[in-house]
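Novice: what's the 3D shape of this:
(chains A and B)
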Amino acid sequence: MSRKMILRVPKFQEPKRMEKSEAQRLWLLLKDAIVEVQHMNASTLSFEELYRSSYSLVIAKRGDILYTGLEEVNNHHTKNLLDKIAQAVDERFLIELNSQWQQYKLQQIMIHDILMYLDRMYVKEPQLKVFDLGMFKWKQNVLIHSQINDRLVRMLLGLIHMERNGEVIDGALMKSLIQMYVDVSLKEKETYKQEFEERFLLATSHFYKSESNLFITNNSCGAYLKKVEIRLIEEEARIKQYLDESTGPKLIKACEDELIANHMQTMIEMETGCRTMIQNDRFNELKLMYRLFQRVENGLVHLKNEFAGYVRNEGHKIVNQPENLKDPNALITSLIEIRNRFEKTLSQSFANNRDFINSVNTAFESFLNENDKLSESLALFIDKKLRGGFKDSNDQEIDVIMNKVILLFRFLSDKDVFKKFYEHYLAKRLLSGRSFSEDLERTMISKFKQECGNQFTSKMEGMFTDMRLSKDALDGFKNYLQTSVEMGKLPKIDMSVRVLTQGFWPTFPPHSCTLPPLLSQYCDLFTKYYCHAHTGRRIIWQTNIGTAEVTFRLPKKTHVLALSTYQMLIMLLFNDAEKLSLKQMAAGTSISFMDIQRSVKPLYSGKYKVLKRTPAVEKSKELSENDIFELNLNLKCKLHRIKFAATSQTDSEPERQHTRQRVDEDRKIEIDAAIVRIMKSRKALIHNDLIVECTKQLSSRFVPQTSMIKKRIENLIEREYLERFPDDRRRYRYLA
Amino acid sequence: MEIYENYQKFSNDLKNLLNSNDNFSDFQIVCRSIISNKETLFNCHKSILSARSDYFKSMFNSKMKEFHEGKLILTDASQGIVSEIINYFYTGKIQLTSNNAIEILIFSSKYLIDELIQVSSDFVKKY
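Specialist: Residues are numbered from 1 along each chain as shown, chains lettered A, B, ... in the order given. As a prediction, the model looks like this:
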């Protein structure tokens, strides 16, 4: 655009100064129109003319005439309306009020439309906008007038009360009248809150306080919960139907306080309450309770504590039940059962809430470690399963049981004790050939490995390797025998040897015995063969865990007896003697008297008796050194092969003690290692910190006793790994 | 996703609607000159006017004389300006010149067409 251009200014550019009379004329024109609008006669008025009039007044700076005039007209009008409305009786009151209000609102919109120019260009804060002015006048002269307000609120609350008692009321009317309180509020719904909401919430609390008290004393907890849920749904609907949405949270809170929070303790303790529901696995009722308690502060804490308390109590009963203490299988089975049961409660009722799960786990941890036999029981339980207990289960069922075992295992604080027992029973299974399936053995071990890492299972895996290598060694030995010169001189026997790497296997208590010359020779041959093939290795014979088959010739019949090595040795003595005392047996075999006792017992007191005591005495009587036995030549048995238990199934108390002792030995080493590790990195440390750190490091394997750690520290000081600071006896220094 | 926009065609089509004298028109704006008493008719549409201007929206909402008669008579604006403003309501386009700028400013101030008040007063200020 060029600079030369000149703006064309229209002729009528400056508004003329408006005479007062002209201004008055325009206002009267508008006033008449407003009165017409208030009588609902607007259709003949010209919008443009009215708009133009208000425009003219404003630009002539006479907006004040219009605004104050409008205020007066509204004032007058609303005062007239008040009389009309207040006269209406009973339910006509609400209807009259509502219809006047609806009309009034429409009129105010229309007045606002006409006076749009005034509204936009003249009205300045703190003056009210044209529409708000109308609302304010209604509020001032009608709504909060003493003749209206209290009457209205009482009637509205009365209707809501009726509806809560099951009667049908006019929801649309309610909505319109309640919304009126919101519409006349100038900011933040203050009129609504002050005049209506506050009283409504109070009435609500009153209503539900008395209803809930009455209902809960006359009904079961389950019925009460259902009632509460229905009430909450109803109130939610009420908010949508005719309350302002800002009331929603407050109303629901008031209901929750009265219906749930105030009765929580009752619902937990009452006869039909939470405790009973948990006891009787009432999943649906518990689920409802969970859902409702969730809504109030600390609700779930109450429920969770109650549940965890029940779990702890049940668990405590199981681990202390006398029958369970005797029968590890029953103990673990019951534990798995309650675990399943509580998992079901957790998933079906408590939405698998993490806090709930954690508190159940904590409960398990506490009662499982109440009993120091649990590690062993668990190992025995698996032992039984792996010896054939899994025979009738499919893969999936086996997996479920194994996972449950792992779960219980996870709660054990002394995992090292469990590990010792597990290794012990695994060794027994492998050596006696009683393991049901190597695959299952390996699956179980891999689960422990996942849980605790390589270190935990390396020995167990080593045992399997030994079993495999032993087979190879034995095959090699058989070939060697065929080519051996000495072989020709010896009678053939079928000998099987297992080479166990020391360290992988539990150390069996050392026992000695005298083998018959033939066997001795074979053993020597094997040692010669093996040490030749693997230089640097040393073989120690563990005769006490072997087995043997012996032919037993009776006058009429021949049996094969499956015996332990010791039993075989004892039986062989009878080749040269008719009667032997226990003392003589011990002398002849060099077996300890205790082992003699244990080995002989199954031979004379089991179902098939190959030995008999002479003279016959009561069975229960303890064996003494001088008791005399002879072969039972009258043995009656249909079986050709007779199997004898080597010793009793479960370990004897001394053996168990032995395992415990080994655990303690191992712990010493672990604690030493932990202390040295910590001190090596920290160089100097205060006593208490060292104890804490050490306990922390070892907690995945066992919970060390402080006294034990103290002893180990003393020991390490003696061995000059550590020293005390001369000036501060509580501090230790690492000595490189 | 691809958004296709063609405001040019949209604007042209609405301009044709305004000029077509068709039967869809449901509202007339009559521009009457006080001096010559000459009348100019614009055939418009309530829906478009009320969508584009609060003045018309209020007018149609209040259901007064103009709504019932389907006619608005304007006496204080020139035919040319009224035509340009109506054209702007339909097409979203208006040409500001030194000739019309002040009149457009006055008209849009009266009828509260905020964006036109803005552009026309900016235009005027440049001189």
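
Novice: Look at residue B:47 and give its secondary structure.
Specialist: Classification of residue B:47 by DSSP: H, G, I helix; E, B strand; the rest coil places it in helix.

Novice: For the residue of the stretch 201-350 of chain A at minimum distance from chain B, give me its contacts.
Specialist: Nearest to chain B, among the residues of the stretch 201-350 of chain A, is residue A:244, at 25.3 Å (Cβ to the nearest Cβ). Placement of C-beta: from N, CA and C, glycine included. Neighbour list for residue A:244: A:178-179, A:181-182, A:189, A:192, A:197 [criterion: Cβ atoms under 8 Å, 6 or more residues apart in numbering or on different chains].

Novice: With neighbour count as new columns, can the residues you listed be given to me in JSON lines?
Specialist: Compiled in JSON lines, the contacts of residue A:244 are given as follows (neighbours: other Cβ atoms under 10 Å in any protein chain shown):
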{"residue": "A:178", "neighbour count": "22"}
{"residue": "A:179", "neighbour count": "16"}
{"residue": "A:181", "neighbour count": "25"}
{"residue": "A:182", "neighbour count": "19"}
{"residue": "A:189", "neighbour count": "18"}
{"residue": "A:192", "neighbour count": "23"}
{"residue": "A:197", "neighbour count": "21"}
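
Novice: Okay, the residue in chain B that chain A sits nearest to and residue A:111: tell me how far apart.
Specialist: The nearest approach of chain B to chain A comes at residue B:58, 3.5 Å away (Cβ to the nearest Cβ). Distance from residue B:58 to residue A:111, counting by Cβ to Cβ, to the nearest Å: 11 Å.

Novice: how far out from the middle of the chain is whatever helix or strand residue A:518 lives in?
Specialist: Assigned by DSSP states H and E, residue A:518 belongs to helix A:517-533. Here helix A:517-533 shows a centroid-to-chain-centroid distance of 58 Å under the convention Cα atoms, centre = their mean, to the nearest Å.

Novice: so where's chain A shaky on pLDDT?
Specialist: For chain A, the stretches flagged by pLDDT under 70 are A:1-5, A:10-16, A:485-489, A:509-510, A:616-621, A:645-653.

Novice: Around chain B, which positions in it sit nearby?
Specialist: A:1, A:5-10, A:13, A:42-48, A:50-52, A:55, A:109-110, A:112-114, A:116-117, A:120 (Cβ under 8 Å from any Cβ of the partner chain).

Novice: do you know how far the spatially most central residue of chain A is from residue A:133?
Specialist: The centroid of chain A falls nearest to residue A:357 when counting by Cα atoms, centre = their mean (1.2 Å). Distance, residue A:357 to residue A:133, by Cβ to Cβ: 61 Å.

Novice: Kindly report the same for residue A:445.
Specialist: Counting by Cβ to Cβ, the gap from residue A:445 to residue A:133 is 86 Å.

Novice: the more surrounded of the two?
Specialist: When neighbours are counted by other Cβ atoms under 10 Å in any protein chain shown, residue A:445 and residue A:133 differ, and residue A:133 comes out ahead with 22 against 18.

Novice: which residues does the more buried one contact?
Specialist: Applying Cβ under 8 Å, 6+ apart, the residues contacting residue A:133 are A:70-71, A:74, A:127.

Novice: Apply 7 Å and report the result again.
Specialist: A:70-71, A:74 (Cβ atoms under 7 Å, 6 or more residues apart in numbering or on different chains).

Novice: Show the subsequent helix or strand relative to the helix or strand where residue A:383 lies.
Specialist: Using DSSP H and E, residue A:383 maps to helix A:374-384. Elements were assigned by DSSP H and E; along the chain past helix A:374-384, the next helix or strand is helix A:395-411.

Novice: which element follows that following helix toward the C-terminus?
Specialist: Counting by DSSP H and E, what follows helix A:395-411 is helix A:415-431.

Novice: which is the next helix or strand following that next one?
Specialist: With DSSP H and E, the next secondary element past helix A:415-431 is helix A:438-452.

Novice: give me the number of residues near the closest residue to residue B:68 other than its chain neighbours?
Specialist: Distance criterion Cβ to Cβ, 6 or more residues apart in numbering or on different chains; nearest residue to residue B:68, sequence neighbours excluded, is residue A:43 at 5.9 Å. Neighbours of residue A:43 under the rule other Cβ under 10 Å: 12.
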